[in-house]
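# Sharing a sequence plus its predicted fold:
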Amino acid sequence: MNRLELPRPDDWHLHLRDGAALADLVPHTARQFGRAIVMPNLRPPITSVAMALAYRERILAAVPEGAVFEPLMTLYLTPATTVADIEAAAASPNVYGVKLYPAGATTNADSGVHELDDVVLAAMAAHGVPLLVHGERIDPKVDVFDREAVFVRETLSPVVDRHPALRIVLEHVSTAEAVDWVRSAPTTVAATITAHHLLYDRNAMFEGGVRPHMYCLPVLKRAKHREALVAAATSGDPKFFLGTDSAPHERTTKETSCGCAGVFTAHAAIELYAEAFDRAGAIERLGDFASRFGPRFYGLPVARETIVLEREAWSVPESYPLAGGKLVPLRAGETVAWRLRATHGA
């Protein structure tokens, strides 16, 4: 198959940053995705509906003329989050979830929680507000490659037992253990998978030296875990759907003695997913994973617009602009095997 038409996809896990960066970042996503769940880990974090709506307006102002793109907003779960905050989120037509960052887990996660408040979780379950989870156990005794498996076993599984009605998305799932847990969990539990976790294992971080632009959290794992992710993404199981976790950082904040975590994929996200599915011999299943399963979980309609992908190699620029600096994308200076050729209206 050299040509594929599918409903316009959505990105169910995206970082857009704020300020001047929005004008450089939003067009990448709006080129290919109709909607995106936008992460709230700004400084200060997005902790209220009012803050989320103001951020939404700033994002919409950066959408290119003629493009149609809807940001789906989230709140940041902090120790100060209240039941009233959850009720306000449930009442807003523009807020679609609350994000759990274990304190210190990743970029701007210092406002996250050390312990989960069951009263707040019960309110989320009662009001149908999904919990979007960065699933890593942050403990110096836990190896960085084991953080996800330990978090799922010791934290997330008990949450599901205590709150069986709570809708949960385990974002950027990265291990075979987490895949197995999601499969065995109730239908209230789903997971997103990134393109970079489908295409690469941890060896990619050390090819010819340390590769800072391949460093993300959760980190890339062994090949067996990548294979489990590919099997899950291409299985047709509606619990698994697209979430890029595209995470932009200016070049100098990656290429430094203590570089930021994050891989930028928004420049070629759907093309990279197409490449991963094609390699697995499952390109015909990309439409479900990218365009149908996410809306089903969030209770939204599948896009009436369509996009067309063609098998055609193209070269990725060495960098893109980012608020006056440079942003190094995945595959910088290399090629991607598929190209987005067209978007058709309903």
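Right, received. Where do you want to start?
# can you pull the contacts of residue 326?
Residues in contact with residue 326 (CB atoms under 8 Å, 6 or more residues apart in numbering) are 250-251, 319-320. C-beta here means a position set from N, CA and C on the backbone, and glycine is covered the same way.
# Doesn't it belong to a helix?
No. Assessed with DSSP: H, G, I helix; E, B strand; the rest coil, residue 326 is strand; it does not lie in a helix.
# Okay, now the sheet partners of the lowest-mean-pLDDT helix or strand in the chain, with direction.
The least trusted helix or strand in the chain, going by mean pLDDT, DSSP states H and E, turns out to be strand 335-344, with a mean of 91. Counting by DSSP bridges, the strands paired with strand 335-344 are strand 306-315 (antiparallel).
# Report the secondary structure state of residue 22.
Applying three-state DSSP to residue 22 yields a three-state assignment of helix.
# ok, back up a step: would you indicate which residues of the least confident helix or strand of the chain are buried?
By 16 or more other CB atoms under 10 Å, the buried positions in strand 335-344 come out as 336, 338-340, 343.
# What of stretch 294-302?
For stretch 294-302, using 16+ other CB under 10 Å, the buried residues are 294-295, 297-298, 302.
# Could you do stretch 122-141 as well?
122-125, 129-138.
# need those residues in TSV with secondary structure, can you?
Below are the buried residues of stretch 122-141 laid out as TSV (three-state DSSP):
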residue	secondary structure
122	helix
123	helix
124	helix
125	helix
129	coil
130	coil
131	strand
132	strand
133	strand
134	coil
135	coil
136	coil
137	coil
138	coil
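# Where is pLDDT lowest across the residues you listed?
Note: of the buried residues of stretch 122-141, the lowest pLDDT belongs to residue 138, at 88.
# Show me the helices in the stretch 51-200 of the chain, by range?
Using DSSP state H, counting those that start in this stretch, the helices of the stretch 51-200 of the chain run over 83-91, 118-127, 147-151, 157-162, 176-184, 195-199.
# Residue ranges in the stretch 201-346 of the chain under the pLDDT threshold?
346 (pLDDT under 70).
# hang on, the earlier thing: looking at the buried residues of stretch 122-141, which one is closest to residue 74?
The shortest approach to residue 74 among those belongs to residue 132, at 6.3 Å (CB to CB).
# residues contacting residue 196?
For residue 196, the contacting residues are 214, 216, 220, 263, 265, 272, 330, by CB under 8 Å, 6+ apart.
# How about stretch 160-176, which residues are buried there?
160, 163, 166-176.
# now do stretch 183-192
For stretch 183-192, using 16+ other CB under 10 Å, the buried residues are 185, 188-192.
# For that stretch, what does the pLDDT average out to?
For stretch 183-192, the mean per-residue pLDDT is 98.
# Kindly report which residue of the chain is located farthest from the centre.
Using CA atoms, centre = their mean, the residue of the chain lying farthest from its centre is residue 208. It sits 28.0 Å away.
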